[in-house]
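**Q** sequence first, then the predicted structure, then my questions.
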Amino acid sequence: MGPLVAPPLSPRGALPGELERARLANGLEICLLRNAQAPIVSTAIFYRVGGRDEPAGRGGLAHFLEHMMFKGSARFAPGEVDRRTQALGGTNNAFTSHDVTAYWFAFAADRWNAALEIEADRMRGLRLDPAEVEAERRVILEEIDMYRDDPWDALEMDVLAALFEGHPYGRPVLGSRDELLAEGRDELADFHSRHYRPDRAVLVVAGALDDSALARVEAAFGDLPASGSPRPPAAPPPVLAAPRRIERRHGEVTRIFWAFPAPAPDAPDHAELRLAATILAEGRASRLQHELVEEGQLCLGISATLAENQLASFFALAAEVLPGGDADEVERRCAAELAALALPVGAEELERARQVFLADWVHGLERIHQQAVATGLALTQFDLDQPERLLRRVREASAAEVAAAVERWLDPGRGVVRGVSRPENGKGGA
C-alpha cells in the first residue's frame, strides 16, 4: 500500500507554511510543511516515548537511548552521523522529555535525503556496542552530577519531585546514578525494539520541498515493520491538596523556586496562565520585574514560566535574591502580586501582555527547524490545531478570565511547592 494522503490543511497563523499529512501502511505519520522562505529543509522525527514510559527502577532509559542513537547503526559507525552532517554543511540535535523523544536535522534543500537515510537506518536497529554503551554511560553520569551540583537545577528537581510525587513527571529525565549503573545493552535494545517503531513515530519535513518529498519518505521508511501495539495510556498527576515547603542550602546566594500545578496545554485556563506569566515577569515593565528588580532592588532576576508537559503543566516563579537581601520579603511580595493578579488587570496592561506573547511566538518560529519541531510537538502530543487554539485564546481572553484562572491555579495557600535554596555559608541572603 502507498501512503494514505489526507486533504491538505489550510494555512495556519500559528504554524507557517502549507501543510500536507499522510500515513504509511506501517503507521508512520508524516507531515510536510512547505515553506520556501529559505533553500533549507529540516526533518524532525518524534517518537511517542519518554521518561514516563520507563519501567519502575529504570529511569533514564529514554535519554540513554537518545545518546546511543548517535553511536552506531547498520550503515553508520559511531560518530559518523555527526561527521556526515557536518560534511554536508548541516546541523542536527535531539532531546528527550517525559513525553517524547525527538531528533532533527537541517540541510540545504538539495541534500536533505541524508537525514531520511540516517533516521530509517537507526530506526531499523542499533549496534549498541558494549564499549560505546559504557562510554556513553560515563557521559550521562557526569551530566547527572552536573545537574545535582548546579543550585538552580538541584532546587528545581527537588521541587518537582514534591509537586509530582509518585508520578513520572516528578522523576528527572536523566534518571539517577543507581539507575544508570544498572542499565546496559540488553535494556537499551529492548527499549528500542518496543518503542522505536514507525507506528509510534511522527515525521515532519519542513522547508523548500518539491513534489518528490512524500515519495522519498516512503522509499526510506515504507518497508519498516510496525510494532502492532499502541502506547500504553498514562494518567495525569494528582493535584496537591495543600502547600509544601522545601528548604536546602546550596551555592552562594538565595534562590526561590515556586511551582504550582497547572492545566495541560490543550486544557482550559492554559492560555490565560500564559498571559498571567507575561504580566508578572516578562520585560522590565512587568509587575515583578518592576517590583523586585528595577525599583525594589531585592533580586538579581526573576521569571515566571508555564512549563508544558502533555498531561499537565506547572507554573513556576523563580527569583535570585541579591546578596544580603531579604528572601522572606521577596516571597511576601510574590504572594501579594499573585493575589493582586486575581483581580482583573487594566486593558492597557493586558494588551501589552498579548503583544509580548505574540511577538515571542513569532520570534520562536523564525527558522525552518523551529517550525518543524513546533509542528512535531503539536502533532505528537495533541493535534495540529492545538497551537492555533492557544493563540486564539491568547487573543480573546478577557481580563476577568485571566483573573479567574489565577485565582483557580495560583493560590499560594493551596497546592504549591515553595522551594528555597539558601547559601551554604549562611550568608548572602536571609
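**A** Perfect, I can see it now.

**Q** and the contacts of the longest helix along the chain?
**A** Longest helix in the chain by number of residues (criterion: DSSP state H): helix 130-149. With C-beta atoms under 8 Å, 6 or more residues apart in numbering as the test, helix 130-149 has contacts from 60, 63-64, 67-68, 71-72, 78, 153-154, 157, 172, 174-177, 180-181, 183-185, 188. Placement of C-beta: from N, CA and C, glycine included.

**Q** filter the residues you listed down to the ones in helices?
**A** His63, Phe64, His67, Met68, Asp153, Ala154, Met157, Arg177, Leu180, Leu181, Arg185, Leu188.

**Q** contacts only, for the fifth one.
**A** This points to Asp153. Tyr147.

**Q** before we move on, the earlier item: between the longest helix of the chain and helix 61-68, how big is the angle?
**A** 120 degrees (axes from the mean of the first three to the mean of the last three C-alpha atoms, to 10 degrees).

**Q** buried set for helix 130-149?
**A** Glu132, Val133, Glu136, Arg137, Ile140, Leu141, Ile144 (16 or more other C-beta atoms under 10 Å).

**Q** and stretch 272-292, by the same measure?
**A** Counting neighbours by 16+ other C-beta under 10 Å, stretch 272-292 gives 272-282, 286-289, 291-292 as buried.

**Q** so who does the residue nearest the centre of the chain touch?
**A** Centrality entry for the chain: nearest residue to the mean C-alpha point is Ser97, 6.0 Å, by C-alpha atoms, centre = their mean. Shown in contact with Ser97 (C-beta under 8 Å, 6+ apart): Gly50, Gly51, Val173, Asn309.

**Q** go again with 7 Å.
**A** Gly50, Val173 (C-beta atoms under 7 Å, 6 or more residues apart in numbering).

**Q** ramachandran angles for it?
**A** The phi and psi values for Ser97, taken as degrees, to the nearest 10, are phi -120, psi -170.

**Q** likewise for Asp211?
**A** According to degrees, to the nearest 10, Asp211 has phi -70, psi -10.

**Q** sorry, back to before: now, the most widely separated pair of the buried residues of helix 130-149?
**A** Greatest spacing in the buried residues of helix 130-149, by C-beta to C-beta: Glu132 and Ile144 (18.7 Å).

**Q** now the strands for the stretch 201-350 of the chain?
**A** Using DSSP state E, counting those that start in this stretch, the strands of the stretch 201-350 of the chain run over 201-207, 244-249, 255-262, 299-308, 313-321.
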